[in-house]
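K.L.:
here you go, sequence then predicted model.
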Amino acid sequence: EFKLQYGAQRTGKRTDAAMERWRGNRFGQFIHWGLYAIPGGVWNGKTYNYAAEFLKSSAKIPGSTWDSLMYQFNPKKFSAKEWARMAKRMGAKYMTITTKHHEGFCLWPSRFTEFNISRTPYGKDILKELVDAYNAEGIDVNFYYSVLDWHHPDWRYDIKSPEDSVAFRRYLDFAFNQLKELATNYPTVKAFWFDGTWDNSVKKNGWWTYEVEQMLKQVSPGAIVNSRLRADDRGARHFDSNGQLMGDYESGYERRLPDPVTDLKVTKWDWEACMTVPENQWGYHKDWSISHVKSPLELLEMLVHTTSMGGNFLLNFGPAGDGSIRPEEQRIAAEIGSWMQNNGNVIYNSGYAGWEKQDWGYFTAPSRPNTLNMVVFNLPVSGLLKVKVPAGVKISTASTGGKKLRVEEIAKNQYLVHFERKWFAMPQVIVLETGGEGKKGAQYQDAKT
Ligand SMILES: COc1ccc([C@H]2[C@H](O)[C@H](O)[C@H](C)N2C)cc1
């Protein structure tokens, strides 16, 4: 055990109302929008396959050239209301917006740097427009903030000299002031999604990450911060040197999900997975032919998979420089939304059931006791859905769309739910009621080995 001043401040899940609301929301829309959306991965006629929000480094563009993109930022097709309505139809309960990505450009009129929205032709406070429009739709807004800042002269990747220490301390004060400004000026913000904290400079200043968490929770009571913000006294990140999760939820799942059989440890804490539609594009890229583009159903399965393991799913949209949403993303919002309209109850306020994963899909546990949801993605040709229950648990009924299904007890703690043998275009939901008695006089013969 290490004695830590800046390690985890709490063990176990937060149980306050703000965290229960964040947890119950389950499904969020990530939005990556900044100057990088203007070139969209193409520079001087050359397409760069790497993540579009990294174009400045992929194309080796000088800072002054990149920063002058600010004078072109004038999204004629931007409508915060339209974005919020699309997110509402998709079934998102929260939205996380990049207030400042690694490029350092701020979507709000920060008084701590001129590199912000007020100096663009657009001029208006985009962050306020988004917060107001999404909150008006009943969608919570969270702020993504990159500690890594390519624009700021005092940013350092490592601390190798006294000059580095002095400069980086100025940078940390700048970032602290920006965060306090965000929490103060946008009081309805619910959570802070920190990124760009993997460099040695930040790992050597764990104290600052602790102070930021404390400040945000003072300025904005109930505020939630992700583990990615945090480094401890010894530079350990996400989990402190004693293995305790820092921050309020684990945010290491970026473009990957925990395995429903081997990674069940994540069910012990709150966590969120963030996901791109292409293989690795967070900001707008003009050419999506360069990688696989996930279909609406692939993404819907990831949402259900995440919920089934007690996590939140943050699905990314990368609006174009003109403020339009590309057709692929519109279709994703519409198709996922069509399923969520009728089945959102298996996602919202639902989580890990603690039952053994089966091939046909996922269990989710709603807040209502003695009921479980089965979300079927892979219907077996037999139409027989195997369910293994924890010792002593009995299934009394199974129904889909209000229609009863035959439930057959076939061995100790094992059932088959008899489903239809036909093709379905969307995942099917079966509601199980537990309780009642098992099969009368059933004695099952253990396997002979
Ligand atoms: C070097 O690999 C990286 C670095 C940063 C990222 C950034 C992305 O730009 C996006 O903001 C994602 C959430 N973040 C981890 C992703 C992969």
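P.N.:
Arrived safely.
K.L.:
excluding residues flanking it in the chain, which one is nearest the residue in the stretch 151-300 of the chain that the ligand sits nearest to?
P.N.:
In the stretch 151-300 of the chain, the residue that lies nearest the ligand is residue 282 (4.1 Å; C-beta to the nearest ligand atom). No exception for glycine: its C-beta is placed from N, CA and C like everyone else's. With C-beta to C-beta, 6 or more residues apart in numbering as the criterion, residue 282 has its nearest non-adjacent residue at 4.2 Å, and that residue is residue 32.
K.L.:
list the contacts for that neighbour?
P.N.:
Residue 32 is in contact with 53, 98, 101, 144, 282-284, 316-318, counting by C-beta atoms under 8 Å, 6 or more residues apart in numbering.
K.L.:
quick one: it from the ligand, how far?
P.N.:
Per C-beta to the nearest ligand atom, to the nearest Å, residue 32 is found 6 Å from the ligand.
K.L.:
what of residue 423?
P.N.:
36 Å.
K.L.:
which strand or helix spans that residue?
P.N.:
For residue 423, there is no enclosing helix or strand under DSSP states H and E.
K.L.:
quick check on it: phi, psi?
P.N.:
According to degrees, to the nearest 10, the main-chain angles of residue 423 amount to phi -80, psi 140.
K.L.:
skipping adjacent residues, who's closest to residue 216 in space?
P.N.:
Using C-beta to C-beta, 6+ apart, the nearest residue to residue 216 is residue 223, at 4.7 Å.
K.L.:
residue 277 against residue 292, yeah?
P.N.:
No. Applying C-beta atoms under 8 Å as the test, residue 277 and residue 292 come out as separate, 9.5 Å apart.
K.L.:
returning to what we had before: could the contacts of residue 32 be laid out in TSV, adding pLDDT and distance to residue 407?
P.N.:
Shown next, in TSV, are these (pLDDT from 0 to 100; distance: C-beta to C-beta, whole Å):
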residue	pLDDT	distance to residue 407
53	98	50
98	99	48
101	98	51
144	99	45
282	98	44
283	98	49
284	98	49
316	98	39
317	99	41
318	98	45
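K.L.:
which members of those residues define the maximum pairwise distance?
P.N.:
Maximum pairwise distance in the contacts of residue 32, criterion C-beta to C-beta, is 15.6 Å, between 144 and 284.
K.L.:
between these two, who's got more neighbours?
P.N.:
residue 284 (27 against 23; other C-beta atoms under 10 Å).
K.L.:
next, count neighbours for residue 279.
P.N.:
14.
K.L.:
and stretch 313-332, how far out from the chain middle?
P.N.:
Computed by C-alpha atoms, centre = their mean, to the nearest Å, the chain-centroid distance of stretch 313-332 equals 15 Å.
K.L.:
quick one: name the residues of the stretch 51-200 of the chain near the ligand.
P.N.:
Residues of the stretch 51-200 of the chain lying near the ligand by C-beta under 6 Å from any ligand atom: 51, 53, 195.
K.L.:
of those residues, which is the most crowded?
P.N.:
Most surrounded of those: other C-beta under 10 Å gives residue 53, at 26 neighbours.
K.L.:
check contacts around the nearest residue to that one once chain neighbours are set aside.
P.N.:
Leaving aside its sequence neighbours, residue 53 sits nearest to residue 283 (C-beta to C-beta, 6+ apart; 3.4 Å). Each residue near residue 283 by C-beta under 8 Å, 6+ apart is listed here: 32-34, 36-37, 40-41, 51-53, 101, 318.
K.L.:
next: residue 206.
P.N.:
6, 230-235.
K.L.:
please check the residues you listed and keep the buried ones.
P.N.:
With neighbours counted by 16 or more other C-beta atoms under 10 Å, the contacts of residue 206 contain buried members at 6, 230-233.
K.L.:
of the contacts of residue 283, which is the nearest to residue 207?
P.N.:
Using C-beta to C-beta, those come closest to residue 207 at residue 101, 24.8 Å.
K.L.:
my guess is the closest one contacts residue 30, does it?
P.N.:
No. If you go by C-beta under 8 Å, residue 101 and residue 30 don't touch, sitting 11.7 Å apart.
K.L.:
anything in contact with each of those two?
P.N.:
Joint contacts of residue 101 and residue 30 (C-beta under 8 Å, 6+ apart) are residue 144.
K.L.:
now, the residues of the stretch 51-200 of the chain next to the ligand that are in strands?
P.N.:
Among those, the members falling in strands (DSSP state E) are residue 195.
K.L.:
format the residues of the stretch 51-200 of the chain next to the ligand as TSV; extra columns: distance to residue 217.
P.N.:
Below are these laid out as TSV (distance: C-beta to C-beta, whole Å):
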residue	distance to residue 217
51	32
53	29
195	19
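K.L.:
show me which of the residues of the stretch 51-200 of the chain next to the ligand is closest to residue 15.
P.N.:
Looking across these and measuring by C-beta to C-beta, the closest to residue 15 is residue 195, at 26.8 Å.
K.L.:
now do the same contact list for the closest one.
P.N.:
So residue 195 contacts 101-102, 144-148, 228 (C-beta under 8 Å, 6+ apart).
K.L.:
now do residue 36
P.N.:
Contacts of residue 36 by C-beta under 8 Å, 6+ apart are 52-56, 101, 103, 283-284.
K.L.:
can you check residue 444 too?
P.N.:
Residues in contact with residue 444 (C-beta under 8 Å, 6+ apart) are 411-412.
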